[in-house]
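>>> please find the sequence and the predicted model below.
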Amino acid sequence: MPVLAERLLRVGSRTVVDDGLHNAFTDLVTWQGKLWLAYRAAPNHFGSKNSRIVLLRSEDAHTWQKAAQFTGQGEDIRDPKLAVIAGHLVLFALRNHSLDPKPYQTVFSCSDDGQVWEAFSPAAPGGWLLGKPKSAADGNWYAPGHNINQSAVRLFRMSENFYWQMHAIITQRQGADETAIEFQQDGGLLAVTRMEAGGGLFGSLQAGTMLLCAKPPYQSWETGNTCHLTRLDGPCLFTDEGQILAVGRYQPRVSGLFGKSGSVLARKRTALFRISQSSLDWLADLPSAGDTSYAGAAEWDGKVFISYYTSPPEKDTLWIAGMLAPASIRITTLEGEL
């Protein structure tokens with residue numbers, strides 16, 4: 001695993017789930033003095049009626065217990081996100097009914113103890129797929145949402161009963177997809193957007209990661225650079241010691257037919273980046289390969305913990321091969337200063 005020693009980054013990792021299933025799409029929060037980890041368990045990366053969302057909890061980040069499990073009730077369910085809102089643990093997930101994952105609805109459930117949960121209800125208008133919610137200094141909650149049928153990204157604000165209403169247009173640029181947000185120290189809001197530009201076998205030189213920002217009340221968004229270092233799939237943003245960091249799927253650029261971003265025949269990593277409204281700077285790869293990424297991040301016991309999934313790192317398989325094979329859930333702890 002490459003580490004940038006001069007940036008004082010030390011990365012450690014441990015496996016949490018490795019049971020022969022394709023375990024993927026994680027998120028992580030702290031609540032009631034514990035770490036809570038959500039992920040999807042399924043036969044493979046693609047849509048499956050046999051998929052389920054699993055919720056684990058831990059008091060020491062080493063030993064994990066199952067707290068709850070959610071099914072799609074005859075449909076594929078995927079991409080869980082967790083948030084602690086008004087004292088409740090809230091889980092968001094995406095419903096999907098096709099083999100090629102094209103979710104059509106965001107649903108949510110909430111709990112007072114992490115074990116007994118309400119039935120899923122719609123969280124946003126149909127077609128809008130919510131990302132990780134974040135809270136502003138004034139107590140309002142916001143979440144990015146993209147629509148795969150419109151190539152558009154919006155900012156949503158929570159209204160009553162955990163339902164989210166459209167607040168602003170983040171971008172309508174062609175190819176805009178999964179988006180993550182993080183509040184800056186001055187109250188501004190930073191967003192990173194996965195920019196599709198084809199993909200499939202060969203990928204595209206135009207694929208990348210768009211950086212955007214807005215000031216309160218977050219209704220007017222400025223587009224910064226579109227970084228072509230990588231197409232940051234499944235982006236996760238968090239703040240550590242005053243710096244905004246990103247974790248996502250990284251495709252190291254190599255020469256050759258399948259070296260462009262988005263190629264399913266390329267090799268992938270989950271990587272850590274330093275981010276601003278104008279740049280995306282690679283810091284380190286986490287132990288990962290094949291089908292990987294979709295991280296969550298939470299601060300607990302004085303450390304930053306990151307959850308993610310990966311095919312066996314030692315095999316370094318192609319992305320498409322990893323989609324069809326077992327994958328494990330891992331936890332990484334960041335220590336030191338960036």
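Ah, there it is.

>>> Gly296 contacts Asp27, doesn't it?
Yes. Contact criterion C-beta atoms under 8 Å: Gly296 and Asp27 qualify, at 3.6 Å. C-beta here means a position set from N, CA and C on the backbone, and glycine is covered the same way.

>>> where does the residue lying closest to His146 once chain neighbours are set aside land on pLDDT?
Setting aside the residues directly before and after it, His146 is nearest to Val153 in space (C-beta to C-beta, 6 or more residues apart in numbering), at 4.8 Å. Val153 carries a pLDDT score of 97 in this model.

>>> isn't Val153 up against Thr171?
Yes. Using C-beta under 8 Å, Val153 is in contact with Thr171, at 5.1 Å.

>>> what do the two both touch?
Taking C-beta atoms under 8 Å, 6 or more residues apart in numbering as the criterion, Val153 and Thr171 both touch Thr193.

>>> for the residue nearest to His146, give me its contacts.
Neighbour list for Val153: 144-146, 169-172, 176-177, 179, 191, 193 [criterion: C-beta under 8 Å, 6+ apart].

>>> widest-spaced pair of these?
Across the contacts of Val153, the longest distance by C-beta to C-beta is 15.2 Å; it joins Ile169 and Asp177.

>>> neighbour-wise, which of those two wins?
Each of Ile169 and Asp177 has its neighbours counted (other C-beta atoms under 10 Å); Asp177 has more, 19 against 13.

>>> isn't Asp18 up against Ser328?
Yes. Applying C-beta under 8 Å as the test, Asp18 and Ser328 come out as touching, 3.9 Å apart.

>>> compare the two (neighbour count), which wins?
Legend: neighbour count by other C-beta under 10 Å for Asp18 and Ser328, higher for Ser328 (21 against 13).

>>> OK, contacts around the more buried one?
Taking C-beta under 8 Å, 6+ apart as the test, what Ser328 contacts is 15-18, 23, 309-310, 312.

>>> out of the residues you listed, give me the one that has the most neighbours.
Tallying neighbours with other C-beta under 10 Å puts Tyr309 at the head of these, with 28 neighbours.

>>> what secondary structure does that one sit in?
Following DSSP: H, G, I helix; E, B strand; the rest coil, Tyr309 is assigned to strand.

>>> what separation do you get for it and Leu318?
Between Tyr309 and Leu318 the computed distance is 16 Å (C-beta to C-beta, to the nearest Å).
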